[in-house]
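Asker: Sequence below, structure please.
(2 chains)
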Number of protein chains: 2
Amino acid sequence: MTQIDFQGLSCPVPLRDHPNIVMGHGGGGRLGLELVEHLFMPAFTRGNEHAPLSELGDCAVLAVGGARLAFSTDSYIVRPRFFPGGNVGHLAVHGTMNDLACSGAKPLYLSAGFILEEGMPLDELTVIAETMGNAARECGVQIVTGDTKVVDAGKGDGVFINTAGIGLVPAGVDLSPRNVRPGDAVIVSGPIGQHGIAVMSVREGLEFGVDILSDTAPIHGLVAALLDAGIEVHAFRDPTRGGVAATTNEIAASSKVGFLLQERAIPVPDAVAAACGFLGLDPMYVANEGRVVAFVAPQDAERALEIWHARADGAGAARIGSAVAEHPGVVVVGTGIGGSRVLDLPLAEQLPRIC
Amino acid sequence: MTQIDFQGLSCPVPLRDHPNIVMGHGGGGRLGLELVEHLFMPAFTRGNEHAPLSELGDCAVLAVGGARLAFSTDSYIVRPRFFPGGNVGHLAVHGTMNDLACSGAKPLYLSAGFILEEGMPLDELTVIAETMGNAARECGVQIVTGDTKVVDAGKGDGVFINTAGIGLVPAGVDLSPRNVRPGDAVIVSGPIGQHGIAVMSVREGLEFGVDILSDTAPIHGLVAALLDAGIEVHAFRDPTRGGVAATTNEIAASSKVGFLLQERAIPVPDAVAAACGFLGLDPMYVANEGRVVAFVAPQDAERALEIWHARADGAGAARIGSAVAEHPGVVVVGTGIGGSRVLDLPLAEQLPRIC
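Answerer: Numbering: from 1, shown residues only, chains lettered A, B, ... in the order given. Coordinates of the predicted model:
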């Protein structure tokens, strides 16, 4: 299992080799990370190395007026805008709420910034706005401020939506991508790969028939269920762009642990496995929009699984592996036939514009 | 001065006449307002008519964990990205900070969401990110969370930036676009029209030589100076898209007052006046990105002017008129030659993609 040479596995792609933005800079992989580490971080945090941004989490936790706030943002550019199981409006609400929830916060408020392309049909925009309003109301979250800009035809793509969110972190909750320790259980809240495959199945030039709906959904209930029960969770992460592979690699880098995952334990729906098979994709890299991965102290792993299994949105939860002290920063997957492989951080998303 | 027939001045353009988004929906005028009132507001605030969004301010004020937070968002799509006196990065920081400041808040934290077009030169992006970092540091504000997405070449326009901001509203401060009363003085913090003319002067197909730089700048110092001195300010507003005309019309509608402005009192730089002359524009409708309009109780107007005049960023401040009880909702400008005209809410911005 540990016969792998961990030297020379990395294939760094220095920023200077790409004088221009390429699609891969927007994926959940190495290229995007380099853009953040080499371009945005130095510009934004100079002179303040303990800045919240340098945590590189999906969400900042800030002390404001006596409260601890979670603050996060995401832009949504999925193509097509409507896909099996949802539309860009679901992602715009769930995606930002889920980033807040991963800090343990209760999501409270969202902003909504629209960049509309001239010619965007108003009836489609109405459906998307109604979707956002309904999704927010279902989660007890309010959309409280917004902005609309319009760009010329050919300078946008119908509608891009940015949402930013504010949540309140309960007293005593202290989660961070740096807190994971060897021995922690890795638990995923449900089957993986549905969102990515649902979007790909209707992507222009790639349509294929599949009975898979996007998993887009809020995860704050799953998060609160474990925290309220006193489960010792060290970190939560929603495996969106780059999938479970990117999530575990990022946590491995932040917490300086390794991960050993068991391929047979990873819940992959048959239809997702089949679609991945003929597309040549690995489901571990496919985006999810309604799943969360919990990194749980070993003594609480069983109880965490029980709590999730008792919920509709956690019925498919599974323990897929553990954090290990060996090979820090590297994620290894034990294959079904007794071998093992390194699950590297992808260079970029397998298919762009997935969320 | 009041010989105008205020009936039939409005030329409503119902949403149904535009089945698709047009450029005007992104201006600071009537079309954009209709999109908010008829499409976004019903979708987002259904069942909650006292929702913060229904205040229609540039910023929501929220009670969170014992503190009063200001929360605002804006997307920045200015073309060209670099213009005399600044670039899109300045706007992305100053614009959102200024919306926070208009609620009386001290701006604290920003998020930054980038939507990059494939092919965007990294050296330009670096300059823009450095600009944002420096602008934030100069204002004591931190960029704490972010997101990067990439769209295919031809589906974007280099870089669109969304920022959302959080500020802290000091105890006792209660500003609202609904609070302006007849008699209030209308004070603008400096000469108007510079940002819009600076951008237009380098707009493709429209280039002309002019010695005008964008006024892009933070305004929170101007706001705090009046509030700290105990000046009775009823509202602040930054006259961005749609200029001073849109600002006064929006306040007139929210506060149900009229405004009587004096054309000769309005500070318009000679170069702005000249450019407006040959472009056929009214400087009252031109966008500003570093000015603020204060609506001040009459007994404090002189002192407010003195305070601003003592500051470098308020040296050009001027009282340009008053709120009046007559013609509620209508802004009237006394012209230099003794006549008067109605300054209507524009249908749309005179030139799109100005910020």
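Asker: Need the nearest residue in space to A:A153, chain neighbours excluded.
Answerer: Nearest in space to A:A153, with sequence neighbours left out and distances taken as Cβ to Cβ, 6 or more residues apart in numbering or on different chains, is A:E118 at 4.3 Å. Glycine gets a C-beta too; all of them are placed from N, C-alpha and C.
Asker: residues contacting the one you found?
Answerer: A:150-153, A:156, B:20-23 (Cβ atoms under 8 Å, 6 or more residues apart in numbering or on different chains).
Asker: One more: A:V78?
Answerer: A:V78 neighbours (Cβ under 8 Å, 6+ apart): A:88, A:91, A:199, A:353-355.
Asker: Around chain B, pick out the residues from the stretch 151-300 of chain A.
Answerer: A:151-152, A:154-157, A:160, A:162, A:164, A:166, A:168 (Cβ under 8 Å from any Cβ of the partner chain).
Asker: Dump the contacts of A:V78 into CSV; add neighbour count as well.
Answerer: What follows is these, written out as CSV (neighbours: other Cβ atoms under 10 Å in any protein chain shown):
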residue, neighbour count
A:V88, 25
A:L91, 31
A:V199, 27
A:R353, 21
A:I354, 27
A:C355, 26
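Asker: Mind checking which of those land in helices?
Answerer: A:88, A:91, A:199 (DSSP state H).
Asker: Which residue ranges of the stretch 201-350 of chain A form strands?
Answerer: Using DSSP state E, counting those that start in this stretch, the strands assigned to the stretch 201-350 of chain A run over residues A:233-237, A:258-262, A:293-296, A:318-324, A:331-334, A:340-342.
Asker: okay, those strands, which one's buried deepest?
Answerer: Most buried of those by mean neighbour count (mean count of other Cβ atoms under 10 Å in any protein chain shown) is strand A:293-296; its value is a mean of 26.
Asker: what does it contact?
Answerer: A:179-180, A:184-189, A:226, A:231-239, A:244, A:247-248, A:251, A:304, A:323.
Asker: gap between that strand and the chain center?
Answerer: For strand A:293-296, the separation from the chain centroid amounts to 13 Å (computed by Cα atoms, centre = their mean, to the nearest Å).
Asker: picking that back up, got the residues of the stretch 151-300 of chain A next to chain B as a markdown table, with pLDDT columns?
Answerer: Formatted as a markdown table, these follow (pLDDT from 0 to 100):
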| residue | pLDDT |
| --- | --- |
| A:V151 | 97 |
| A:D152 | 96 |
| A:G154 | 97 |
| A:K155 | 97 |
| A:G156 | 98 |
| A:D157 | 98 |
| A:F160 | 98 |
| A:N162 | 98 |
| A:A164 | 98 |
| A:I166 | 97 |
| A:L168 | 96 |
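Asker: Which members of those residues define the maximum pairwise distance?
Answerer: A:G154 and A:L168 (42.2 Å; Cβ to Cβ).
Asker: Now do the same contact list for A:A224.
Answerer: Applying Cβ under 8 Å, 6+ apart, the residues contacting A:A224 are A:101, A:106.
Asker: measure it to B:V244 for me?
Answerer: 48 Å (Cβ to Cβ, to the nearest Å).
Asker: Likewise for A:P283?
Answerer: 56 Å.
Asker: can you list the weak-confidence ranges in chain A?
Answerer: A:1-17, A:53-57 (pLDDT under 70).
Asker: so where do the helices sit in it?
Answerer: Counting by DSSP H, the helices of chain A are A:30-35, A:41-45, A:88-101, A:122-138, A:194-200, A:220-228, A:243-255, A:270-279, A:301-309.
Asker: Determine whether any part of the shortest one lies close to chain B.
Answerer: Going back to what we said before, that points to helix A:41-45. Yes - against chain B, helix A:41-45 shows contacts by Cβ under 8 Å from any Cβ at A:43-45.
Asker: top of those by neighbour count?
Answerer: In terms of neighbours by other Cβ atoms under 10 Å in any protein chain shown, these top out with A:F44 at 26 neighbours.
Asker: ok, back up a step: the more surrounded of A:G154 and A:L168?
Answerer: Neighbours per residue (other Cβ under 10 Å) separate A:G154 from A:L168, with A:L168 holding more: 18 against 12.
Asker: give the contact list for that one.
Answerer: A:L168 touches A:67-70, A:105-106, A:108, B:64-65, counting by Cβ under 8 Å, 6+ apart.
Asker: now do A:V292
Answerer: A:98, A:101-102, A:188-189, A:219, A:222-223, A:236-239.
Asker: Out of the contacts of A:V78, flag the one nearest to B:E289.
Answerer: Out of the contacts of A:V78, the member with the shortest distance to B:E289 (by Cβ to Cβ) is A:V88, at 29.4 Å.
Asker: Would you check how far apart that closest one and B:G156 are?
Answerer: 15 Å.
Asker: next one: A:A129
Answerer: 22 Å.
Asker: Just the CA atoms of the longest strand along chain A, as PDB, please.
Answerer: Secondary structure of chain A per DSSP state E: the longest strand is strand A:106-117. Output of strand A:106-117 as PDB, limited to C-alpha atoms (Å, rounded to 0.1, in the frame of the first residue of the first chain):
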ATOM      1  CA  LYS A 106     -25.700  29.200  10.500                       C
ATOM      2  CA  PRO A 107     -26.300  31.000   7.200                       C
ATOM      3  CA  LEU A 108     -28.400  34.200   7.500                       C
ATOM      4  CA  TYR A 109     -28.100  36.600   4.700                       C
ATOM      5  CA  LEU A 110     -27.200  36.600   1.000                       C
ATOM      6  CA  SER A 111     -26.400  39.300  -1.500                       C
ATOM      7  CA  ALA A 112     -27.100  38.800  -5.200                       C
ATOM      8  CA  GLY A 113     -25.200  40.400  -8.000                       C
ATOM      9  CA  PHE A 114     -26.400  39.800 -11.600                       C
ATOM     10  CA  ILE A 115     -24.400  40.300 -14.700                       C
ATOM     11  CA  LEU A 116     -26.900  40.000 -17.600                       C
ATOM     12  CA  GLU A 117     -26.100  39.800 -21.300                       C
END
